[in-house]
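**Student:** Give the three-dimensional model of this entry:
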Amino acid sequence: MEFYIPIVVTALLLAVVMLFFLTYKQWCRTKALESTVSHLGKKLNTVQHDISALCASGLGVDERVGGAERRVRSLMGRIEELEESDTFEHLQEFQGAIELAQKGASADEIVEKCHLTVDEASLLIRLHKA
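**Tutor:** Model (predicted):
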């Protein structure tokens, strides 16, 4: 029986040493995992901040696009009103008169073709002479 006591004590000491070794190894793994979790948590916070910023800027862009659409609709309405009015026809006559003046037409020719006054035709010739 005395022969078994040193073997049992040696086996117990070996078991305790193995237990401490495995505990230390597990502790190292736990620390590594905690470090990884901490790093991932910081990355997650950064991503959440970036997403919040993108959402906020998206709302701002949406508001600006909406405002631009309203202004375009308003301008389209104004253009339609001008096209329907006599003023637009008069502007078209001026544009035609400018083109004639640039080609070197005389004041009388511009008056006849574009229904402008002689003074208007003369002014256009002075401004847009080729």
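**Student:** residue boundaries of the helices in this structure?
**Tutor:** Under the criterion DSSP state H, the chain contains helices at 4-84, 86-102, 107-114, 118-128.
**Student:** Check the ones you listed for me: which has the lowest mean pLDDT.
**Tutor:** Lowest mean pLDDT of the helices of the chain: helix 86-102, a mean of 78.
**Student:** Name the stretch among the helices of the chain that sits most buried.
**Tutor:** helix 107-114 (a mean of 17; mean count of other CB atoms under 10 Å). C-beta here means a position set from N, CA and C on the backbone, and glycine is covered the same way.
**Student:** Tell me what angle that helix forms with helix 86-102.
**Tutor:** On the basis of axes from the mean of the first three to the mean of the last three CA atoms, to 10 degrees, helix 107-114 is oriented at 140 degrees to helix 86-102.
**Student:** For helix 107-114, which helices and strands make contact with it?
**Tutor:** helix 86-102, helix 118-128 (3 or more CB pairs under 8 Å, 6 or more residues apart in numbering; DSSP states H and E).
**Student:** Can I get it as PDB, trimmed to CA atoms?
**Tutor:** These are the backbone C-alpha positions of helix 107-114, laid out as PDB (Å, rounded to 0.1, in the frame of the first residue of the first chain):
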ATOM      1  CA  ALA A 107     -33.800  98.400 -90.600                       C
ATOM      2  CA  ASP A 108     -36.700  98.500 -93.200                       C
ATOM      3  CA  GLU A 109     -36.300  94.800 -93.800                       C
ATOM      4  CA  ILE A 110     -36.400  94.000 -90.100                       C
ATOM      5  CA  VAL A 111     -39.500  96.300 -89.600                       C
ATOM      6  CA  GLU A 112     -41.300  94.500 -92.500                       C
ATOM      7  CA  LYS A 113     -40.500  90.900 -91.400                       C
ATOM      8  CA  CYS A 114     -40.700  91.200 -87.600                       C
END
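**Student:** by how many degrees do it and helix 118-128 diverge?
**Tutor:** Using the same axes, to 10 degrees: helix 107-114 against helix 118-128 is 110 degrees.
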